[in-house]
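Chemist: The following block contains a protein sequence and its predicted model.
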Amino acid sequence: MTAEPYARLDAAYLLGALDADERLSYEAHLVTCWRCRASLAEISAIAPLLAGLDESVFATPPQAPRRQAPTPC
């Protein structure tokens, strides 16, 4: 089987977002597809990094101070 139907499932698999049937199918595919294994290995460090972020990182940034209009000469 080609990697095409599975090419975009790596992140969902890594984050645990696949349903049981999708997960089993993807895992079976990984046994024979070096491209998908390589893709999964490439992004595998992302999930722990995301898990370690403080939620305040995602807060709305503070408003920049308003600049005053220039005074006419």
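Modeler: Good, I have the coordinates. Predicted model only: the values in this text are computed from it and were never measured.
Chemist: all helices of the chain, in order?
Modeler: Here the chain has its helices, by DSSP state H, at 10-14, 20-32, 34-43, 46-51.
Chemist: Next one: D21 from T71, what distance?
Modeler: Per Cβ to Cβ, to the nearest Å, D21 is found 68 Å from T71. (Each C-beta comes from the backbone N, C-alpha and C, glycine too.)
Chemist: quick one, which of these two is more surrounded?
Modeler: D21 (8 against 5; other Cβ atoms under 10 Å).
Chemist: Now do that one against A7, distance only.
Modeler: Counting by Cβ to Cβ, the gap from D21 to A7 is 18 Å.
Chemist: repeat for E55
Modeler: 31 Å.
Chemist: ok, now L14?
Modeler: Note on L14: its distance to A7, by Cβ to Cβ, is 14 Å.
Chemist: In terms of neighbours, single out the busier of these two.
Modeler: Between L14 and A7, counted using other Cβ under 10 Å, the more crowded position is L14 (16 against 12).
Chemist: Which pLDDT value goes with the closest residue to the more buried one other than its chain neighbours?
Modeler: Distances taken as Cβ to Cβ, 6 or more residues apart in numbering place A47 nearest to L14, at 5.3 Å, with adjacent residues excluded. For A47, the pLDDT comes out at 82.
Chemist: now do R23
Modeler: At R23, the model reports a pLDDT of 96.
Chemist: That one and Y13 touch, don't they?
Modeler: Yes - counting by Cβ atoms under 8 Å, R23 touches Y13, with 6.6 Å between them.
Chemist: Between these two, which is the more surrounded one?
Modeler: Neighbour tally, R23 and Y13, criterion other Cβ under 10 Å: the higher count belongs to Y13, 18 against 15.
Chemist: List the buried residues in the helix or strand of the chain with the lowest mean pLDDT.
Modeler: Least confident helix or strand, the chain: helix 46-51 with a mean of 83, by mean pLDDT, DSSP states H and E. Judged by neighbour count (16 or more other Cβ atoms under 10 Å), helix 46-51 contains no buried residues.
Chemist: If anything else comes up later, I'll come back, but that's it for now.
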